[in-house]
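Engineer: Sequence first, predicted model second:
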Amino acid sequence: MLPDYDVIVAGAGPGGCAMALRLAQLDARVARRTLVLDRSSFPRAKPCGGGLTGHAEDALRELGVELEVESFASPSARVRFGGFERAVALGRPVRIVRREDFDHSLVRIARRRGVEVVEGEGVVDYAVEADCVRVRTTRRELTARVLVGADGAASVVRKQLNQRRRARPHRLFKLEMTVPAARDVDSDMLYDFTLMARGLRGYLWIFPVPGNLINVGLMHYPSRVNKSGAELTALLREGLAEHGVELPDRGTRGWPAWGYHPSAPVSGPRVITIGDAAGIDALTGEGIAVAMEHAVEAGGAVVEALATGDLSFSDYRRRLRRAVVGRGLALDRWLARLLYGGRNRWRSWLSLVLFDPDVLEMYAARVSGTSVLADQKPRLYRALFGHLARWPMRARALRAATPPDMPLALAPGKPAA
C-alpha cells in the first residue's frame, strides 16, 4: 500500500520550510507529495537573535527566495569586554529580521511553491516500519516514505536517534523590546563578553530590529559552570544595565539548544534531521543559516534516496560533515571548547578573540559569508601559536579592561591547552 506521503517534515521553521523549498526545486512530484507540519500557528513567537548572516543569504539565494519582510542591515559588529571595545566591519551587512515575520513569510513561500503546510498540528511520535514511517501527530496517524526532523531543540526525531547519547544543551535567553527613551538605534550588532567575568560562558547581544526595536539576549555554553535560568536572567539584566537598557520583569524567554557534534546521530533508516534537531553552531549559537544550509544538503539526499530506493541515509552524517556547513560547525565546536569550555580557560582565549585583529577579521568574513572559516585553518593556527608568545601582554590588557567591580584573578602564564 502506498504511504500517505513521500515526505513528512516535522517543523515549519526556517529549516522545515527550506527543506520544502529544496524539494520543490529538485523534484516537483516529490514536493506535491510532501507534508510540512508545525504544532504552532504562524506568525508565532520564536526566541532568536534574528540575524541573517552571509551564509543565510547564500542559502536563500540558492533556494531562489527573495526576502519579503523588513530587515535592519547591520554593516559592522562591536566586540566588547569591560573597558575594551572594537568595531569590526563586515564584508556584507547582516540583515536582522523579526523571526515572527520571517518564519511566516517562509511558510507562505513554501505554499506558493506547491507544498502542503499544516499549522497547529505537531509530530508527537513515530515508528519506522519495513515499508514506511508511521507518524503520530496531535490529530491523526499518517505514513510516509521519509520523515524529516526539523522540529527544533525539542525534536521528537532527535530524541529517538539520540536515546543513548548524553549531552548538555546550550542555554539561550532572549527578549525583543522597544528602544529605550532618548536612545537612538545603533546600527551595529553588539557582542559583549563582559559577563564572562561573572560566570557566563558565552556572550550578551544587542541587535537592532526593524520597528524601533532591539533584540537582546545571551548565550551560555554547556560548560563546567552551571547556571540556573534565574541566574542567567539576572546576568542578562546586569549586562543590559551597563548599556542603559532596563530588562522588564516579564517577557524574557529561555530555551535549550543542542550544539552540533560530528559524531552525533543525525539520521537513521527513513529518518533524517536538520536545523536545531541536528545541532546549532556551538560558538555563536547561530541557527537560521545552519538550518537552511542543512536543508539544502538534506533535500538532495532525500530526493536521491527516493529515486534509488535506498532509504537508509547511512551516508548522510558524512555528507553533512563534508559540506561547508558541517566543516564550519565542526571547527566552531572546537573553538567553543577553547573559549567557553573550562572554569579558567576562557581567560586565556578571550584575549585572543579581543586583541588579535586578524582573528576578528576572519570571523567577520565568516559572518559576512565572504569566506569559509574552516578553509582558513593555516591562518587561524598562525594566530593561535602567535597568541602563545603574546599571552603575557594580552593577559595584562585583559586585566586592565576588567571592570573594577568584577575582580579577575589572572596569573601570568601561557594559555591552557
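Structural biologist: Done, it's in.
Engineer: residues touching the residue lying closest to Y316 once chain neighbours are set aside, list them.
Structural biologist: On the basis of CB to CB, 6 or more residues apart in numbering, the spatially nearest residue to Y316 that is not a chain neighbour turns out to be S267, at 4.1 Å. Heads up, the C-betas are built off the backbone N, CA and C, glycines and all. With contacts defined as CB atoms under 8 Å, 6 or more residues apart in numbering, the neighbours of S267 are 161, 273, 313-314, 316-317.
Engineer: Please state the backbone phi and psi of S267?
Structural biologist: Summarising the backbone geometry of S267 under the convention degrees, to the nearest 10, its torsions are phi -160, psi 170.
Engineer: Bridged to it, which residues?
Structural biologist: Partner residues in beta bridges with S267: I272, with DSSP bridges as the criterion.
Engineer: that older thread, please list the members of the contacts of S267 that lie in strands.
Structural biologist: Judged by DSSP state E, the contacts of S267 include T273 as members of strands.
Engineer: Okay, now the unreliable bits of the protein?
Structural biologist: 164-165, 178-185, 342-343, 406-417 (pLDDT under 70).
Engineer: can you give me the strands for the stretch 51-200 of the chain?
Structural biologist: Taking DSSP state E, counting those that start in this stretch as the criterion, the stretch 51-200 of the chain carries its strands at 51-52, 72-81, 84-96, 116-119, 123-128, 133-137, 141-149, 170-178, 189-192.
Engineer: can you put those strands in TSV and add mean neighbour count and distance to L240?
Structural biologist: Compiled in TSV, the strands of the stretch 51-200 of the chain are given as follows (neighbours: other CB atoms under 10 Å; distance: least, CB to CB, whole Å):
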stretch	mean neighbour count	distance to L240
strand 51-52	24	18
strand 72-81	19	13
strand 84-96	18	16
strand 116-119	16	34
strand 123-128	16	37
strand 133-137	20	40
strand 141-149	23	35
strand 170-178	20	9
strand 189-192	22	9
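Engineer: nearest to T143, of the contacts of S267?
Structural biologist: Proximity of those to T143 was ranked by CB to CB; the top entry is F313 with 17.8 Å.
Engineer: my guess is that closest one meets A298, correct?
Structural biologist: No - under the contact definition of CB atoms under 8 Å, F313 does not touch A298, with a separation of 9.0 Å.
Engineer: Which residues are in contact with A56?
Structural biologist: Going by CB under 8 Å, 6+ apart, A56 touches 288-289, 292, 369.
Engineer: change it to 7 Å
Structural biologist: Applying CB atoms under 7 Å, 6 or more residues apart in numbering, we find A56 in contact with 288-289, 292.
Engineer: Compare the residues you listed and tell me which has the most neighbours.
Structural biologist: Highest neighbour count within the contacts of A56: M292, with 31 neighbours (other CB atoms under 10 Å).
Engineer: How about it: what's its closest non-neighbour residue?
Structural biologist: Residue nearest to M292 in three dimensions, not counting chain neighbours: A59, with 3.7 Å by CB to CB, 6+ apart.
Engineer: what's the burial count for that neighbour?
Structural biologist: Applying other CB under 10 Å, we find 27 residues neighbouring A59.
Engineer: Could you report the separation of it from M362?
Structural biologist: A59 sits 21 Å away from M362 when distances are taken as CB to CB, to the nearest Å.
Engineer: can you give me the helices in the protein?
Structural biologist: Remark: helices assigned in the chain by DSSP state H are 14-26, 28-32, 54-62, 99-112, 156-161, 229-241, 288-308, 316-322, 324-340, 345-355, 357-368, 377-401.
Engineer: Single out the most deeply packed of those helices.
Structural biologist: Using mean count of other CB atoms under 10 Å, the stretch among those with the largest mean neighbour count is helix 14-26, at a mean of 28.
Engineer: orientation of that helix relative to helix 288-308 in degrees?
Structural biologist: In terms of direction (axes from the mean of the first three to the mean of the last three CA atoms, to 10 degrees), helix 14-26 departs from helix 288-308 by 40 degrees.
Engineer: need the contact list for S74.
Structural biologist: Listed by CB under 7 Å, 6+ apart, the contact partners of S74 are 93-94, 96, 187-189, 208.
Engineer: F81 now?
Structural biologist: For F81, counting by CB under 7 Å, 6+ apart, the contacting residues are 193-194, 350, 354, 401.
Engineer: Apply 10 Å and report the result again.
Structural biologist: F81 makes contact with 191-197, 203, 350-351, 353-355, 397-398, 401-403, according to CB atoms under 10 Å, 6 or more residues apart in numbering.
Engineer: What of D188?
Structural biologist: Residues near D188 by CB under 10 Å, 6+ apart: 74-78, 87-90, 206-208.
Engineer: related to what we said a few turns ago, can you work out which residues contact both of F313 and A298?
Structural biologist: By CB under 10 Å, 6+ apart, the residues touching both F313 and A298 are 146, 266-267, 272-273, 319.
Engineer: list the contacts for A230?
Structural biologist: By CB under 10 Å, 6+ apart, the contact set of A230 is G254.
Engineer: sorry, back to before: right, so of the strands of the stretch 51-200 of the chain, which gets closest to R224?
Structural biologist: Evaluated with CB to CB, the strands of the stretch 51-200 of the chain place strand 170-178 nearest to R224, the distance being 14.0 Å.
Engineer: CA atoms only for stretch 219-230, dumped as PDB, please.
Structural biologist: Output of stretch 219-230 as PDB, limited to C-alpha atoms (Å, rounded to 0.1, in the frame of the first residue of the first chain):
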ATOM      1  CA  MET A 219      24.000  32.500  25.300                       C
ATOM      2  CA  HIS A 220      25.500  30.200  27.900                       C
ATOM      3  CA  TYR A 221      27.700  27.300  26.700                       C
ATOM      4  CA  PRO A 222      27.300  23.900  28.500                       C
ATOM      5  CA  SER A 223      30.500  24.200  30.400                       C
ATOM      6  CA  ARG A 224      31.500  23.200  34.000                       C
ATOM      7  CA  VAL A 225      30.000  26.400  35.200                       C
ATOM      8  CA  ASN A 226      26.300  25.600  35.800                       C
ATOM      9  CA  LYS A 227      23.800  28.500  35.800                       C
ATOM     10  CA  SER A 228      20.100  28.300  36.600                       C
ATOM     11  CA  GLY A 229      17.600  30.200  34.500                       C
ATOM     12  CA  ALA A 230      17.100  32.700  37.200                       C
END
